[in-house]
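Chemist: Build me a model:
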Amino acid sequence: MVKFTILAGGYTSYIASYMFNSETNNLTYLNQYSTGGNPSWIISHPMNKSILYATNENVPAGALQSFTVGPEGALTLVDTAYSGGSGPPHCGGLSTGQVAIVNYGSGTARVIPTTTDPLHFSINDSTIVTFPVPTTGTQGVSEPHMAYQYGEELLIPDKGNDKIWRLGQNGSPGNFSVHGQIAQPIGSGPRHIQIYENQLYTIHELASTLTLQDFPAYPNFSTPLISNISTVPYYQPAGSSFAAAEVLIPLPTAEFPTPYIYTSNRNIGVQDPRGDTIAIFEKVDNRLVLRNQVYTGLDQIRGMMHGQQAGEGGDAYIVAAGFAGTAGVKVYKRTEGGANLEEVAVNTELPTRTSFVWLKQ
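Modeler: Coordinates of the predicted model:
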């Protein structure tokens with residue numbers, strides 16, 4: 001029997017904890033722990049699962065917070081730092097011990113060093129990167145939405161600029177600047193990315209598409225799109241409006257040898273009675289192929305996460321929740337080698353959640 005702790009952020013002033021029992025398929029609400037406002041995105045430290053980072057997606061001044069993680073996901077707040085802007089929706093822990101955070105509401109990003117203790121921030125050593133106002137597209141403002149480390153680079157998809165910015169460190173920790181960009185289709189709104197086998201997978205919020213391209217060479221080269229496919233389900237209710245949100249690629253294992261790609265469809269318009277879908281894709285001969293649209297009963301899936309981050313046994317599961325509605329948190333088991341999903345557990349004590357971290361108990 002394997003039990004997992006699942007931590008869940010949201011637009012509240014707390015992070016919630018759940019226990020998922022994979023033998024009985026029970027998802028139990030455990031507790032909630034006070035935070036700053038709107039801890040909408042949470043991550044584990046990349047090398048220490050007993051440390052958690054959370055954004056505070058507040059306007060006009062966002063923040064980054066650090067916590068220790070105890071038994072059953074008990075959280076203790078340690079430090080808080082200004083994010084360098086407004087409404088930060090995402091943060092990413094870097095292998096150097098720094099934490100990157102992006103500010104959607106002000107078109108800025110910041111890489112915040114930690115001290116010799118990764119729980120404490122060294123805010124005075126951090127510069128704020130400001131992205132340009134776009135001259136094309138539909139948004140009229142820079143809207144950075146993710147911080148993703150690849151090698152020594154920091155990649156930041158910018159929904160407003162239709163670009164993925166490439167940043168590098170200039171000397172001391174916390175001092176980053178833009179040294180390149182990866183252009184995306186105009187008006188597509190790149191939101192989140194994953195890189196697998198040196199290929200870039202991008203989920204586009206405004207176009208509700210998933211694209212594939214070879215990752216361009218350093219520092220500022222371009223590559224054409226290899227594949228571009230809609231994430232939207234075939235049946236679309238009148239008045240629906242889709243805005244794709246998340247993309248996951250769990251690494252292959254013996255039980256799941258195919259690296260399927262999972263994307264979330266947010267319908268921010270008139271809901272399908274069956275809820276939003278998780279679309280499952282496979283790369284076949286360098287072409288993205290839709291394998292399944294799994295209806296979830298969830299309303300506006302903003303975040304989901306695979307259990308592989310918890311270690312052995314977790315790779316069989318994905319957790320998801322809606323930003324709206326009352327459907328709560330759901331756990332899905334990957335079936336058919338990962339080409340399908342089966343709902344195995346649900347907890348509705350909290351109606352909505354937006355991001356997740358898996359831990360093995």
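
Chemist: just checking, what packs against whichever strand or helix holds Gln213?
Modeler: Gln213 is located in strand 209-214, with elements delineated by DSSP states H and E. Packing contacts for strand 209-214, counted by 3 or more Cβ pairs under 8 Å, 6 or more residues apart in numbering; DSSP states H and E, involve strand 199-204, strand 227-230, strand 277-284. Placement of C-beta: from N, CA and C, glycine included.

Chemist: can you do 6 Å?
Modeler: Contact partners of strand 209-214 among helices and strands, from 3 or more Cβ pairs under 6 Å, 6 or more residues apart in numbering; DSSP states H and E: strand 199-204, strand 227-230.

Chemist: which element follows the last one toward the C-terminus?
Modeler: Pointing back at strand 227-230 there. strand 247-248.

Chemist: mean confidence score for that next one?
Modeler: Across strand 247-248, the average pLDDT comes to 98.

Chemist: Quickly run through the sheet partners of that strand, with directions.
Modeler: Partners of strand 247-248 in the sheet, by DSSP bridges, are strand 261-264 (antiparallel).

Chemist: what does the strand it pairs with rub up against?
Modeler: With Cβ atoms under 6 Å, 6 or more residues apart in numbering as the test, strand 261-264 has contacts from 203, 210, 231, 244-249, 278-281, 301, 304.

Chemist: Most tightly packed of the helices and strands packed on strand 209-214?
Modeler: strand 199-204 (a mean of 24; mean count of other Cβ atoms under 10 Å).

Chemist: That one versus strand 209-214: what angle between them?
Modeler: Strand 199-204 and strand 209-214 are oriented at 160 degrees to each other (axes from the mean of the first three to the mean of the last three Cα atoms, to 10 degrees).

Chemist: Give me the contacts around strand 199-204.
Modeler: 188-194, 210-215, 244, 247, 263.

Chemist: Run me through the strand neighbours of that strand, direction for each.
Modeler: strand 190-196 (antiparallel), strand 209-214 (antiparallel).

Chemist: Let me have those in JSON lines, extended by mean pLDDT.
Modeler: Output for the strands paired with strand 199-204, formatted as JSON lines (pLDDT from 0 to 100):
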{"stretch": "strand 190-196", "mean pLDDT": "98"}
{"stretch": "strand 209-214", "mean pLDDT": "98"}
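
Chemist: of those strands, which approaches Ser227 most closely?
Modeler: strand 209-214 (4.3 Å; Cβ to Cβ).

Chemist: Tell me what angle the closest one forms with strand 277-284.
Modeler: Going by the same axes, to 10 degrees, strand 209-214 makes 30 degrees with strand 277-284.

Chemist: Not counting strand 209-214 itself, show me its contacts.
Modeler: So strand 209-214 is contacted by 199-203, 223, 225-231, 263, 288 (Cβ under 6 Å, 6+ apart).

Chemist: One more pass at 10 Å, please.
Modeler: 182, 184-185, 188-190, 193, 196-204, 221-232, 244, 247, 261, 263, 279, 281, 283, 286-288, 290 (Cβ atoms under 10 Å, 6 or more residues apart in numbering).

Chemist: re the thing from before, Ala324 is nearest to which of the strands paired with strand 199-204?
Modeler: Among those, the nearest to Ala324 by Cβ to Cβ is strand 190-196 (17.6 Å).

Chemist: Tell me which helix or strand Gly303 sits in.
Modeler: Counting by DSSP H and E, Gly303 is part of strand 299-306.

Chemist: burial count for Glu349?
Modeler: 13 (other Cβ atoms under 10 Å).

Chemist: Next up, the contacts around it.
Modeler: Ala16, Tyr18, Leu27, Thr28, Tyr29, Leu30, Gln32, Gly328, Val329.

Chemist: same thing but at 8 Å, please
Modeler: Residues near Glu349 by Cβ atoms under 8 Å, 6 or more residues apart in numbering: Tyr29, Gly328.

Chemist: The one 3 residues further on now?
Modeler: For Thr352, the residues meeting the contact criterion (Cβ under 8 Å, 6+ apart) are Gly10, Tyr11, Ala321, Gly322, Phe323, Ala324, Gly325, Thr326, Gly328.

Chemist: do Asn175 as well
Modeler: Asp125, Ser126, Thr127, Gln169.
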